[in-house]
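# Model the structure of this input:
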Amino acid sequence: MSSFRFHSSCCLSLVVAIVFLCSCGVWSQEVLVKQNSLMVYQDNTSATGVDGTWFDEQFYDSEWLEGQYGVGYDTNGDADALLQTTVGDYTRSVYTRAYFTVAGEVTNVFLGVDFDDGYVAWIDGVEVYRDNMPSGDLVGDSNASVNHESSNGSVPNHEPLRDISAVAADLLIPGDHVLAIGVWNIHGTSSDLVLVPRLSINEPTEIIKGPYLQNVGLDHITVMWETSTESPSRVDYGATQEYGQSVGDPTPVTIHEVTLTGLVQATQYTYKVTSGDVSSLDNTFWTAMTADTAFRFVAYGDSRDGSDNYEFHQDHWAVVNAIIASDPDPDFVLHTGDIVYNGGNYGEWGPQFFAPAADLMKSTTMFPSIGNHEYNRDATAQTYRDLFSLPSENERWYSFDYGNSHFICLDDNSVSYYQSGTEQYNWLVSDLQWATDPNNPNPPQWIFVFFHIPPYTCVDNHSDDTDVQRELVPLFEEYGVTMVFN
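Take a look at the predicted model:
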């Protein structure tokens, strides 16, 4: 961590849950299917005679095996805590059916699945969600689209919960229903196959990430947060605790992104976020300092855990606490990448990053760069780009000004991303040229660059990167970059 200061339905009826009306007259949240719920199943090593019918509401499944969720296998034992029902190694797919009863009104329906590698779910024969599976009809030895790892934690991680209300809410009238859900492997020699579903109704809206601050400037800042259900977005803010101003968006979403504009530079604001009936506590932020005002920032990175871990990351929390305890507080924070272990495993982002960093990011803007682990199981780093709001269209490389300094973020996780002639390389040259152009009306006194893979190292397990030395270092030297963080 670095800190710097600068100046200037069927015969077998397994009922797994019944929803009851609470005493206040409001239908309460209920989990209908979860880990340990009863189900019947058929495991497959090839195409089967029931491939096109097994998920139908009236399908006859009395000869299927009985079991409990989760179901699957793991030749390495990593997912053993998730599995209550095991099938043979190298099983290509497992078809499951679970019965449940609804007793009253359903306002929303959510499906969360801890899985490896892909699944499709039906309720009463109607497809309600498909994840990491090709479109069209599937058979017993179909393949998942890409590799997707289950959480392999001590308890299932069902994030993100998928709002399937538009398809499923009207299906769930009072009475008996069946959830049919199949899980498929990536190929026939895969070391694991895991399915642990969670079907719930009448979920309340909760803030599960944030609020957290992004992309601060002299007159603007972006506030982000995530909710457990799709809901509208609103930020109340002002120079006092009475707020006085509000910006909202009625579009129901789970990842909320609201930009506040027309702010006063170098000014502290109080704010809170609201989605539906839930609001955050009051928090504060500062707009960016002017060029003649001292400012302070912190740079750190590799906050990820050392494995596929869905538990709270204590080491990252300790670093964050040290930053918060520093005096004076930093005006913003740079992160040099490897934020989580597997960027494509959505369930890692909460415990490995957002939970440990929550107290920091609610009042201090973080500018992240992308590390190679953000590409793990996510070839386009889409999850990274969904969870952050950064000052460029692709959000992989960008620049911003703060005070008397210019900051540049790069993606150097493959030489093909930044070598001479690439889009990023040409952008970098143009950005550096403008930063040092005598005609620039606000020329920076200092230029800082941050990215993940360093050109030079001092440790044995990570060698110098000659590609970065060849392609990027000459530009840094030519344009007088002050310092590089990795």
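
# Surely Val468 is within a helix?
Yes: assessed by DSSP: H, G, I helix; E, B strand; the rest coil, Val468 belongs to a helix.

# Quick check: the nearest residue to it once chain neighbours are set aside vs Ser231, distance?
Spatially, and ignoring its direct neighbours in sequence, Val468 is nearest to Pro455 (4.0 Å; CB to CB, 6 or more residues apart in numbering). The C-beta positions use only the backbone N, C-alpha and C, and glycine is treated the same way. Noted for Pro455: a distance of 45 Å to Ser231, by CB to CB, to the nearest Å.

# These two: which has the busier surroundings?
More crowded of Pro455 and Ser231, by other CB atoms under 10 Å: Ser231, with 22 against 19.

# where's that one, which helix or strand?
strand 221-238 (DSSP states H and E).

# Give the partner strands of that strand in its sheet and their orientations.
Sheet partners assigned to strand 221-238 using DSSP bridges are listed as strand 207-214 (antiparallel), strand 245-260 (antiparallel), strand 268-275 (antiparallel).

# who touches Thr436 in this structure?
443, 447, 479-480 (CB atoms under 8 Å, 6 or more residues apart in numbering).

# Quick check on it: phi, psi?
Note on Thr436: backbone dihedrals following degrees, to the nearest 10 are phi -110, psi 10.

# same thing with Ser326?
Taking degrees, to the nearest 10, you get phi -70, psi 150 for the backbone angles of Ser326.

# I'd like to know how many residues surround it.
Residues near Ser326, counting by other CB under 10 Å: 13.

# Could you pull out the helices in the chain for me?
With DSSP state H as the criterion, the chain has helices at 165-168, 314-325, 346-349, 358-361, 382-387, 415-418, 423-435, 466-471, 473-478.

# related to what we said a few turns ago, now rank the contacts of Thr436 by neighbours and give me the top one.
Ile447 (22 neighbours).

# quick one: that one and Asp292, what's the gap?
From Ile447 to Asp292 the distance is 18 Å (CB to CB).

# one step back: how about the strands paired with strand 221-238, which one is nearest Gly306?
strand 207-214 (22.3 Å; CB to CB).

# Show me which residues of that closest one are buried.
If you call a residue buried by 16 or more other CB atoms under 10 Å, then strand 207-214 has these buried ones: 207-214.

# picking that back up, tell me the most buried of the strands paired with strand 221-238?
Comparing the strands paired with strand 221-238 by mean neighbour count (mean count of other CB atoms under 10 Å), strand 207-214 comes out on top with a mean of 22.

# can I get the CA coordinates of that strand in CSV?
Extracted as CSV, the C-alpha positions of strand 207-214 are listed here (Å, rounded to 0.1, in the frame of the first residue of the first chain):
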residue,chain,number,x,y,z
ILE,A,207,-29.0,-3.2,-0.2
ILE,A,208,-26.3,-6.0,-0.5
LYS,A,209,-23.4,-3.9,-1.9
GLY,A,210,-22.6,-0.3,-1.1
PRO,A,211,-23.3,2.4,-1.5
TYR,A,212,-19.9,3.1,-3.0
LEU,A,213,-18.4,6.0,-4.8
GLN,A,214,-17.0,6.2,-8.3
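
# How far off centre is it?
Averaging C-alpha positions (CA atoms, centre = their mean, to the nearest Å) puts strand 207-214 12 Å from its chain's average.

# Could you give the average pLDDT over it?
Throughout strand 207-214, pLDDT has a mean value of 97.

# and if you look at stretch 63-81?
Stretch 63-81 shows a mean pLDDT of 96.

# before we move on, back to that, between the buried residues of strand 207-214, which is closest to Val87?
Using CB to CB, the buried residues of strand 207-214 come closest to Val87 at Ile208, 32.4 Å.

# hang on, that closest one packs against Thr229?
No: counting by CB atoms under 8 Å, Ile208 does not reach Thr229; the two are 9.8 Å apart.

# most neighbours per residue, which of the helices of the chain?
Compared across those, helix 346-349 shows the largest average neighbour count, a mean of 24 (mean count of other CB under 10 Å).

# Quick one: list the elements packing against that helix.
Using 3 or more CB pairs under 8 Å, 6 or more residues apart in numbering; DSSP states H and E as the contact test, the elements touching helix 346-349 are helix 382-387.

# Which strands or helices does the helix it packs on pack on?
Checking 3+ CB pairs under 8 Å, 6+ apart, helix 382-387 ends up next to helix 346-349.

# chain center to the helix it packs on, what's the gap?
Distance of helix 346-349 from its chain centroid, counting by CA atoms, centre = their mean, is 5 Å.

# likewise stretch 445-462?
On CA atoms, centre = their mean, the centre of stretch 445-462 falls 26 Å from the chain's centre.

# CA atoms of that stretch as CSV?
Output in CSV follows, covering the C-alpha atoms of stretch 445-462 (Å, rounded to 0.1, in the frame of the first residue of the first chain):
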residue,chain,number,x,y,z
GLN,A,445,2.3,19.0,-12.9
TRP,A,446,2.4,15.3,-12.3
ILE,A,447,1.5,12.3,-14.4
PHE,A,448,0.8,8.9,-12.7
VAL,A,449,0.1,5.6,-14.4
PHE,A,450,-1.4,2.5,-12.7
PHE,A,451,-2.0,-1.0,-14.0
HIS,A,452,-1.6,-4.6,-12.8
ILE,A,453,1.5,-6.4,-14.3
PRO,A,454,4.7,-4.5,-13.5
PRO,A,455,7.6,-4.1,-15.9
TYR,A,456,10.1,-4.7,-13.1
THR,A,457,9.8,-6.8,-9.9
CYS,A,458,11.8,-7.6,-6.9
VAL,A,459,10.3,-11.0,-6.0
ASP,A,460,11.1,-14.5,-7.3
ASN,A,461,7.6,-15.7,-8.0
HIS,A,462,6.9,-12.8,-10.5
